[in-house]
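1. Quick one, structure for this:
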Amino acid sequence: MNLIRSLFAWPLLARELIERAARRRTYAGRVAYGLVLYALFFLALRRVVESASGDPTGMAVLGVGRGLFEQLVTLQIWGVFLFQPALMAGGITYEKERDSLSLLLLTGMSPGKVLIEKYLAGLLPMATLLLLALPLGAITMGYGGVSPQLLAAGACVVVGAWLMSGAFALLCSAWCRTSIGATLVAYLAGAVLLLAPAVVYSAFGRYILWGADLRNVEIPGWVWACWPREVFTRVVAALDEVTMSAASDAAFRWALMAGHTWEHSWPLLAVASVCLLLARIVIVRRTVVPARRISTVRAQRPPGRVLRWWRRFWPVHDDLPKDDPIEWRESGRSVLGRRGRFHFLTLMLAGLVFATSAVLLGLYPKTAGPERLHHFAVVAGTAAVLILVVRSVGAVLSEHSNQTLDILLTTPLGADEIVKEKARALSRYWMLFALILGIIFAMQGWSEYEHVRANMFWRQLGQYWCVGAIALAVYPPLVIWVSLLFALLLRRRARAIIITLAVFGVWHLAPLFVLDLAMDDWRSNPRGLWISLLSPLGILDANEHDKLAHFATNTLHAGGMITKTGEPWAPVAYNFGFYLLLGRLARGLCLRFADRLMRR
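-> Down below sits the predicted model:
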């Protein structure tokens, strides 16, 4: 009897669910997720209905439900990848930060049971979000083209992605010391693992990533076996063959649907099982992990002969605080703090980025080189925003966790000067990422000039480079000061980082994503181009697609369109002027209310 009670008793799960139910942000997150999901779905539905409005019988909309359902599955998969790591990654690190994980392991609960209960506690909140798509699935069936078998297959693929993402985030939570580190590793390492098979195959086999010529190319199944969207595509193709071969036998179709779904979805479940097994192995070993400390013996080791010879030509200058003690203190903490290390890492990363860009440009076809560098710039830019946000928020809120804020506020420096010097210490990261992205933009513009745009002259190339250079000068300070503002408003570091990243994600991606769903060719529509400037990426997108001159258009009475090619400076000036003022506004608010917010 005691064994049965212990098997069916879930005290940790009950505690986690009660705590989540008591938080207001749980319900606010559900409402926000539902509003975003329904808004995006109905934008896609409106676009489909408008495309069929030319048919007076209304029959053109029949059969479009399949395309809507595929878009719904895609939205759900991206929703899982965006929300599930945030819901799961803090499960075990929360216990480590409170120093209660060792107490949990001292109770009668085994480490495996602790993991299972934490796993279920992180999955159930996401399940409530996924269930919001059930009415939308019914709508897609009403438009035709969606069979019950297809509906069940899509649900199975989403569930597989849900279990895999949650298991990997739980593994990150078992390994890392802090919730912030677990969340960042869950997102970054998760993206790397999903793309790793394709990168390996591209490096040692045939290039199959962005901009590749895939005509008559058979890609091995293992390359995209863990990419849920590709898994769903293969399941749909298998179901089409089943429908054509056995259109009258429903039981046979259900059996074949189950077989094909399992055939293509089992890698997702296998990855989830491996992650849970690894989490069970590391949870005890990583229960109490001390922070890394620099070995003083190694730091005081005398320099070698080569290093002494090098210092004759490039002597070491001691970085003393002088008039900026907070900046000196913050720079000493960071990876790029010492001047020699900063120069070394900058040259090493710049060379690596240049070599990678050259390889991407040299692949066949060369006309797809700018597209490859575009995706490379997206990866580098995402990493830059992520690191700037984490470092900016941590620069302020680490004083709370280290209990050194009161000491700083007793110094002669004012709170505004402290914040100003902390922002100045982040300029090294700004310079590093500006150099990396500048190399990519320069080579991308040269590739456009050389291989893609036949009518591109040096003036257009200079315009292309100028827009990228201005973006690298305006956007990083905006990211830093907005992050500092959120850090001052929100006293918890994990919450501030997650909220700031969510704000930047929605701000950068939502306008362009909505335009893609709502308008067929918004890049040729002046109204769509001006709306795209609501995102900081809008001007960069217009620059890459050579649409800067299309912001100003006149319509003739005959119905033709004349483009004013002499005013590409207008959207550039309006866009960067607005975001420059926005950055200055965030800076002014930080400095104006720094004393009040830091003394709370």
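2. got the contact list for the residue lying closest to Trp522 once chain neighbours are set aside?
-> Nearest residue to Trp522 in three dimensions, chain neighbours excluded: Gly528, at 2.9 Å (C-beta to C-beta, 6 or more residues apart in numbering). For the C-beta atoms, the positions are set from N, CA and C on the backbone; glycine is no exception. Residues near Gly528 by C-beta atoms under 8 Å, 6 or more residues apart in numbering: 515, 519, 522.
3. For those residues, pick the one with the most neighbours.
-> Leu515 (22 neighbours; other C-beta atoms under 10 Å).
4. ok, now which ones touch that residue?
-> Counted by C-beta under 8 Å, 6+ apart, Leu515 has contacts 522, 528, 531-532.
5. Out of the residues you listed, which comes closest to Val353?
-> Ser532 (27.2 Å; C-beta to C-beta).
6. And that closest one, how close does it get to Ala552?
-> 15 Å (C-beta to C-beta, to the nearest Å).
7. thinking again about what came up before, as a markdown table, the contacts of Leu515 with pLDDT and secondary structure would be great.
-> Shown next, in a markdown table, are those (pLDDT from 0 to 100; DSSP: H, G, I helix; E, B strand; the rest coil):
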| residue | pLDDT | secondary structure |
| --- | --- | --- |
| Trp522 | 83 | helix |
| Gly528 | 85 | helix |
| Ile531 | 89 | helix |
| Ser532 | 89 | helix |
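8. want to throw those residues into CSV with distance to Ala384?
-> Converted to CSV, the contacts of Leu515 look like this (distance: C-beta to C-beta, whole Å):
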residue, distance to Ala384
Trp522, 27
Gly528, 27
Ile531, 25
Ser532, 21
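9. which of those residues lies closest to Leu101?
-> Ser532 (46.9 Å).
10. Make sure the closest one is actually in contact with Ala510.
-> No - using C-beta atoms under 8 Å, Ser532 is not in contact with Ala510, being 11.1 Å away.
11. Looking at the two, which is more packed in?
-> Each of Ser532 and Ala510 has its neighbours counted (other C-beta under 10 Å); Ser532 has more, 25 against 15.
12. pLDDT below threshold where in this protein?
-> Within the chain, the ranges that satisfy pLDDT under 70 run 1-9, 51-63, 211, 213-217, 241-249, 288-341, 401-402, 452-458, 553-567, 600.
13. okay, now the domains of it?
-> Using automatic domain parsing, the domain parsing of the chain gives 2-52+61-213+224-285, 334-598.
14. thinking again about what came up before, and the contacts of Leu515, which is closest to Ile407?
-> Closest to Ile407 out of the contacts of Leu515 is Ser532 (46.9 Å), distances taken as C-beta to C-beta.
15. got a list of what the closest one touches?
-> 511-512, 515, 522, 538, 541-542.
16. can you redo those residues as a markdown table with secondary structure and distance to Ser173?
-> Listed next are the contacts of Ser532 as a markdown table, based on DSSP: H, G, I helix; E, B strand; the rest coil; distance: C-beta to C-beta, whole Å:
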| residue | secondary structure | distance to Ser173 |
| --- | --- | --- |
| Pro511 | helix | 33 |
| Leu512 | helix | 32 |
| Leu515 | helix | 36 |
| Trp522 | helix | 40 |
| Gly538 | helix | 36 |
| Asp541 | helix | 36 |
| Ala542 | helix | 41 |
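17. Show the buried residues in those.
-> Among those, the ones that count as buried by 16 or more other C-beta atoms under 10 Å are 511-512, 515, 522, 538, 541-542.
18. What strand or helix carries the residue nearest to Leu580 when sequence neighbours are not counted?
-> Nearest non-adjacent residue to Leu580, counting by C-beta to C-beta, 6+ apart: Val474, 5.4 Å away. Using DSSP states H and E, Val474 sits in helix 458-489.
19. what about that helix, distance to the chain center?
-> Relative to its chain's centre, helix 458-489 lies at 19 Å (C-alpha atoms, centre = their mean, to the nearest Å).
20. tell me what it is packed against?
-> Contacts defined by 3 or more C-beta pairs under 8 Å, 6 or more residues apart in numbering; DSSP states H and E place helix 458-489 against helix 369-401, helix 415-425, helix 427-447, helix 493-518, helix 538-544, helix 569-592, helix 594-598.
21. Check which residues of the second one are buried.
-> The one in question is helix 415-425. For helix 415-425, by 16+ other C-beta under 10 Å, it's 415, 417-423, 425.
22. which among those residues gets closest to Pro197?
-> For those, the nearest to Pro197 is Ala425 (39.2 Å; C-beta to C-beta).
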